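Engineer: Predicted coordinates and the sequence they were generated for:
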Amino acid sequence: MRPWAVAALALALVASAATGRAGAQALPADADRDGVMDDVDLCPDSAPYEMVDEDGCAVCECDDGWDSRGEYLHCVYGELHARRADGRLSRKAARLVTKAARNSSCGYDTKVRCCVMFAAKSEGMCKIMDEVRCDTTLLGAETVEDLDSGSCFPNPCVK
């Protein structure tokens, strides 16, 4: 191969690599990682493993005043099955969504996420329990924090 051809090929490769990096940096951000870019996300603080609509808002909002736990889970599973059927949700992602829904206080009137922190540990236990039981003296822990409604998966109780 001629020297000028080798130089031209090298320049073409360098230019395409530089363009690829610049294009990757120009992508819009998705801080809550819900699949909806921040510049159009109407609900920028979606919980992990929560199914959202095209606006980035939860399809089955935890605080929607569900009549029962079953009604909330029916909403989640209905959306999960629809997305699995049309290929928008992988089997692995469906398992994570299911785990988050099952480990939540959604659909319960009096239950909350309770973080129980123990001395010398950087991660506490998240428990779904009655609001009145989420108390430092009852649980015998260093600190106890009521996180209101939501899921204990992934564990939100980290110092």
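Structural biologist: Done, it's in. Residues are numbered from 1 along each chain as shown.
Engineer: so what are the domain limits for the chain?
Structural biologist: 30-107, 111-146 (automatic domain parsing).
Engineer: how about the ones you listed, which one is nearest residue 156?
Structural biologist: Each of these has some distance to residue 156 by CB to CB; the shortest is domain 111-146, at 5.9 Å. From N, CA and C alone the C-beta is placed, and that goes for glycine too.
Engineer: Helix or strand for residue 96, just tell me which one.
Structural biologist: Using DSSP states H and E, residue 96 maps to helix 91-102.
Engineer: what's that helix in contact with?
Structural biologist: 47-51, 60, 72-73, 76-77, 80, 83-84, 89, 151, 153 (CB atoms under 8 Å, 6 or more residues apart in numbering).
Engineer: wait, what's in contact with the most centrally placed residue in the chain?
Structural biologist: Taking CA atoms, centre = their mean, the centroid of the chain lies closest to residue 48, which sits 1.0 Å from it. For residue 48, the contact set (CB under 8 Å, 6+ apart) comprises 33, 100, 151, 153-154.
Engineer: which regions of the chain lie under the pLDDT threshold?
Structural biologist: Within the chain, the segments meeting pLDDT under 70 span 1-27.
Engineer: so where do the helices sit in it?
Structural biologist: 3-25, 69-85, 91-102, 136-139 (DSSP state H).
Engineer: ok, what's across the strand from residue 113?
Structural biologist: Beta bridges link residue 113 to residue 128, judged by DSSP bridges.
Engineer: Now for it, how many residues are close by?
Structural biologist: 23 (other CB atoms under 10 Å).
Engineer: can I assume it is in contact with residue 154?
Structural biologist: No: the pair residue 113 / residue 154 is not scored as a contact, 11.9 Å apart, by CB atoms under 8 Å.
Engineer: so what's residue 139 closest to, chain neighbours aside?
Structural biologist: Spatial nearest neighbour of residue 139, excluding adjacent residues (CB to CB, 6 or more residues apart in numbering): residue 116 at 5.5 Å.
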